[in-house]
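In: Below: sequence and its predicted model.
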Amino acid sequence: MAKNLLIVESPAKAKTIEKILGDDFEVKSCYGHIRDLEKDDMGIDIKNNYKPRYKIPEDKQKVVKELKGLAKKSDEVWLATDEDREGEAISWHLCQVLGLDPSTTKRIVFHEITKPAIQKAVQQPRLLNMDLVNAQQARRILDRIVGFELSPVLWRKMSMRNNLSAGRVQSVAVRLIAEREREINAFTPVSTFRLEAFFTAKDSNERPVTFKAEGSRFPSITKADDFLKSCIGADYTVRDIQVKPAKKSPSAPFTTSTLQQEASRKLGYSVSKTMLLAQKLYESGKITYMRTDSVNLSETALDDIQNQISKQYGKNYIHTRKYKNKNESAQEAHEAIRPTYAENTTVEDAETRRLYELIWKRTISSQMADAELEKTTAKINISTNKEDLTAQGEVLKFDGFLKVYIEDRDEEETDEEGDEGMLPPLKVGQLLPLKEMQATERFSRAAPRYTEASLVKKLEELGIGRPSTYAPTISTIQKRGYVEKRDKEGTPRTYRILTLKGDDISKKDAQENAGAEKSKLFPTDLGLVVTDFLNQYFRDVMDYGFTAKIEEEFDEVANGKIEWNLMIDDFYHPFKRDIDNTIEKAERIKGERELGIEEATGKKIVARMGRYGPMVQIGDVNDEEKPRFAKLKTNQSIETITLDQAMELFKLPRLLGQFEDTDVQVSTGRFGPYISHDKKFYSLGKDYDPYTISLEEAIPIIVEKRQAKDERTIKIFEKEKIQILKGPYGPYIKQGLRNYKIPKEKLDNAHALTVEEAKAIIEDVKANPPKKVARKKA
């Protein structure tokens, strides 16, 4: 038995550290948090200074029992959970549960899992930092209060299933996405005509090359046409040339936020995938701690990086830089995300290799020389109207950091023109032959919808959330159905081009695909309705500045400047007044929009939220005849659907024809579109549109699904609507929509079960439902 027990969060981290420390230490994992707030009565004693009541979840009982046993046998217990507030809180919970004294228990922290870092940490242990623990407790308690108090208000005020919930940071994130969506919907594109002239001149090898010069933008086709007419028969002369040196500097090494953004742009990773892979790299000792808002690099790291640059690229590529943190309260960690050893340019693991190489390149480039450029601007005069055209080009004189890395840009930061190319050698007074001049119609664009990465960037700019909260926030708002990540198809748009060639002006129309977007965040109708309600009745909770102020107060708790329960108290009382006032006075949320009147009946048509999502309703519940309902399509919204689009939805159910002398119908229900035939129902996949599918397309679906069902069916009791079916884990019983597990001793003879035996199994499962196992927290 080892003398020392060292506890970390994850088994992967435990394995790496155990190899470093040797036989004196047994390294065990607690698998993340071992305690959480009780579910009953919020888990907080509001009247007793917000004292939390913690409970060990069922799925952690075994881990805790094992750790208690090992702790008793060990001479000393060391805590080596992550260095941020979450990690500090886990260490404190371990002290409470294992009966360790926080005033004497050794706590070690490190930014990287390398032999020198771990050995140094063991030589310099510290005690628990209760300020960090209290900052994490304050966040957990405040978020629990908001969730537990706000969610029941939504249940009362909305005619929806009772799984609505609201969170402090999540609700603000949904508000950002909702506001951007409305901004886009309200946006009207404005067209202008961009002028481009194409000239020829000889390059340094005396070969003719074509280059581009640009002129003014024109507000209308008439103005553009008039300008082109004024250029007929003109001479084009180089009036002025300016050559200026320019520099490009590298970006700072990665923080959590910038890593998430760049991995999204360059690798197409979601925020949660980036953090999962980064955690794997950290735990295997390949990179430093991945939850940080610091851009600092240690002196040891700087020396290591400079040696690598010198060896790989030469000394003239070295330029030591110390970057400053934008966020002065950067407390999550003390270093940027970097490779633990600069000499490791890649890793063997295929899953994490691309992310590691991105981190390596960004880190190395941050300490490399500026790229040196030469920018040339030429003014070309038009003889007939004395206007100037501008040609620009740049030449890379020294690549510097660009040899390793170029940072990508967000959609809103890119321009239509793209990068500048090289210009041929030009002289003042030189006459240039014009190939052609074009005025092309271009349309202004609304701000793009958020990607996961650009939302992280916006949250960080507003001071909302911290490195450890970005990924869970984005994941939660999607799971709750307030936001969805999807692609948007573009729509064909015509634009006009005027071309001057010789003395002739031609006009033509061209087509472009406008508004197409990939992997963007869209608010659902539920998200929009809930956001409006919270905005109306809980302005503080939904206010960006107020949410950022709360984050600053958590930082102050972490720095020991304010008491955590006083901070909660300042928030709670006004918030509770808003809750009580809303329950008493607020009307129920309708979330509806009137679209018009049905011509045939004169009944009102509204788009509204229903129990199972957005829908269109014709008629009123008070009418003699029951109202008719139709579910909105995935890409439709209550806010933007038109009357014509709404009426299209009522074309279902559609009779497609007959198969085997029985009608084939297509319709839609709670679980999506389906085909009905001979009293059987077959779900329709995403590849088919219920409004356009034909009988010829529907028949193979019926045949295929019927065959698959026959292969799965062991036995059917028609009268009782009980089926015994084959599943991926063996036979099971199905009655209605519910499945029931067959006891092990009867699995081999499932085909021989009688209806009475099947009923008995169903009743037994209902009386003794299986226990749900809570998921382990990472």
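Out: Thanks, I have the structure now.
In: my guess is residue 604 contacts residue 592, does it?
Out: No. Between residue 604 and residue 592 there is no contact under Cβ atoms under 8 Å: 10.3 Å. The C-beta positions use only the backbone N, C-alpha and C, and glycine is treated the same way.
In: Quick one: the helices in the stretch 101-250 of the chain, in order.
Out: Secondary structure of the stretch 101-250 of the chain (DSSP state H, counting those that start in this stretch): helices at 115-123, 130-157, 168-186, 221-230.
In: correction: the stretch 351-500 of the chain
Out: Using DSSP H, counting those that start in this stretch, helices in the stretch 351-500 of the chain cover 452-462, 470-479.
In: Measure how the longest one sits relative to helix 168-186, angle-wise.
Out: Orientation check (axes from the mean of the first three to the mean of the last three Cα atoms, to 10 degrees): helix 452-462 against helix 168-186 gives 110 degrees.
In: quick one: helix 452-462 to helix 470-479, angle?
Out: Put simply, helix 452-462 runs at 120 degrees to helix 470-479, going by the same axes, to 10 degrees.
In: my guess is residue 224 contacts residue 193, does it?
Out: Yes. Between residue 224 and residue 193 there is a contact under Cβ under 8 Å: 3.9 Å.
In: Could you tell me which residues touch both of the two?
Out: Common contacts of residue 224 and residue 193, defined by Cβ atoms under 8 Å, 6 or more residues apart in numbering, comprise 218, 439, 498.
In: Neighbours of the last one, how many?
Out: Each residue near residue 498 was counted by other Cβ atoms under 10 Å, and the total is 22.
In: Chain neighbours aside, what residue packs nearest to it?
Out: residue 439 (4.3 Å; Cβ to Cβ, 6 or more residues apart in numbering).
In: Low-confidence ranges, the chain, go.
Out: Across the chain, residues meeting the criterion (pLDDT under 70) sit at 1-2, 159-163, 327-333, 410-420, 771-778.
In: returning to what we had before: mind listing which of the shared contacts of residue 224 and residue 193 are in strands?
Out: With DSSP state E as the criterion, strands contain 218, 439, 498 from among the shared contacts of residue 224 and residue 193.
In: Can you report phi and psi for residue 482?
Out: The phi/psi pair for residue 482 (degrees, to the nearest 10) reads phi -90, psi -20.
In: what does residue 36 give?
Out: Backbone geometry at residue 36, expressed as degrees, to the nearest 10, gives phi -140, psi 170.
In: doesn't residue 57 make contact with it?
Out: Yes. Using Cβ under 8 Å, residue 36 makes contact with residue 57 at a distance of 6.2 Å.
In: Tell me the gap between stretch 199-216 and the middle of its chain.
Out: 44 Å (Cα atoms, centre = their mean, to the nearest Å).
In: If we go by neighbour counts, what in it is buried?
Out: Neighbour-count burial for stretch 199-216, counted by 16 or more other Cβ atoms under 10 Å, picks out 199, 201, 211-213, 215-216.
In: Straight-line length of that stretch, end to end?
Out: 17 Å (Cα to Cα, to the nearest Å).
In: Could you do stretch 29-41 as well?
Out: 31 Å.
In: still on that earlier bit, between the helices of the stretch 351-500 of the chain, which gets nearest to residue 186?
Out: Closest to residue 186 of those is helix 452-462 (Cβ to Cβ; 19.2 Å).
In: for residue 88, helix, strand, or coil?
Out: helix (DSSP: H, G, I helix; E, B strand; the rest coil).
In: need the contact list for it.
Out: Neighbours of residue 88 in contact, by Cβ under 8 Å, 6+ apart: 81, 128-129, 132-133, 136.
In: just to revisit the earlier point, which one among the shared contacts of residue 224 and residue 193 gets closest to residue 557?
Out: Distances from residue 557 to the shared contacts of residue 224 and residue 193, taken by Cβ to Cβ, are shortest for residue 218, at 58.1 Å.
In: Go through stretch 601-611 and flag the buried ones.
Out: Buried residues in stretch 601-611 (16+ other Cβ under 10 Å): 603-610.
In: farthest-separated two in these?
Out: 603 and 609 (19.4 Å).
In: for stretch 141-156, which positions count as buried?
Out: Going by neighbour count (16+ other Cβ under 10 Å), the buried part of stretch 141-156 is 141-154.
In: Same question for stretch 467-479.
Out: 467-478.
In: show me the contacts for the residue lying farthest from the centre of the chain.
Out: The outermost residue of the chain, judged against the average C-alpha position, is residue 233 (55.5 Å), by Cα atoms, centre = their mean. Contacts for residue 233 were tallied using Cβ under 8 Å, 6+ apart; they are 384, 503.
In: Next one: it from residue 385, what distance?
Out: Residue 233 is 11 Å from residue 385, where distance means Cβ to Cβ, to the nearest Å.
In: With residue 340 instead?
Out: Separation of residue 340 from residue 385 (Cβ to Cβ) stands at 64 Å.
In: Which of those two has more residues huddled nearby?
Out: residue 340 (20 against 12).
In: Would you confirm that that one contacts residue 114?
Out: Yes. If you go by Cβ under 8 Å, residue 340 and residue 114 touch, sitting 4.9 Å apart.
In: sorry, back to before: tell me which of the helices of the stretch 351-500 of the chain lies nearest to residue 488.
Out: Residue 488 sits nearest to helix 452-462 of all the helices of the stretch 351-500 of the chain, at 15.4 Å, using Cβ to Cβ.
In: chain center to that closest one: distance?
Out: Relative to its chain's centre, helix 452-462 lies at 10 Å (Cα atoms, centre = their mean).
In: Am I right that residue 149 is in contact with residue 580?
Out: No. Using Cβ under 8 Å as the test, residue 149 is too far from residue 580 to be in contact (9.7 Å).
In: Next up, the contacts around the spatially most central residue of the chain.
Out: In the chain, the residue lying closest to the centroid (Cα atoms, centre = their mean) is residue 452, at 2.8 Å. Taking Cβ under 8 Å, 6+ apart as the contact definition, residue 452 lies against 260, 264, 270-271, 474, 485, 519, 521.
In: Show me which parts of the helix or strand harbouring residue 91 are buried, residue by residue.
Out: Under the criterion of DSSP states H and E, residue 91 resides in helix 85-98. Neighbour counts over helix 85-98 (16+ other Cβ under 10 Å) mark 85-95, 97-98 as buried.
In: Pull the contacting residues for residue 154.
Out: Per Cβ under 8 Å, 6+ apart, neighbours of residue 154: 164-166, 530, 533.
In: Try it again at 6 Å.
Out: For residue 154, the contacting residues are residue 164, by Cβ atoms under 6 Å, 6 or more residues apart in numbering.
In: what's the answer for residue 513, then?
Out: Residue 513 neighbours (Cβ under 6 Å, 6+ apart): residue 490.
In: Which positions in the helix or strand hosting it come out as buried?
Out: In this structure, residue 513 sits in strand 504-514 according to DSSP H and E. For strand 504-514, the neighbour count (16+ other Cβ under 10 Å) marks residue 505 as buried.
In: Convert the C-alpha atoms of that strand to CSV, please.
Out: This file holds the C-alpha atoms of strand 504-514, laid out as CSV (Å, rounded to 0.1, in the frame of the first residue of the first chain):
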residue,chain,number,x,y,z
ASP,A,504,-20.0,49.6,-76.2
ILE,A,505,-22.0,49.2,-73.0
SER,A,506,-23.7,45.9,-72.5
LYS,A,507,-26.2,44.9,-69.7
LYS,A,508,-26.9,41.4,-68.4
ASP,A,509,-28.5,39.7,-65.4
ALA,A,510,-26.8,37.0,-63.4
GLN,A,511,-27.9,34.8,-60.5
GLU,A,512,-26.4,34.3,-57.0
ASN,A,513,-27.4,32.2,-54.0
ALA,A,514,-28.2,34.7,-51.3
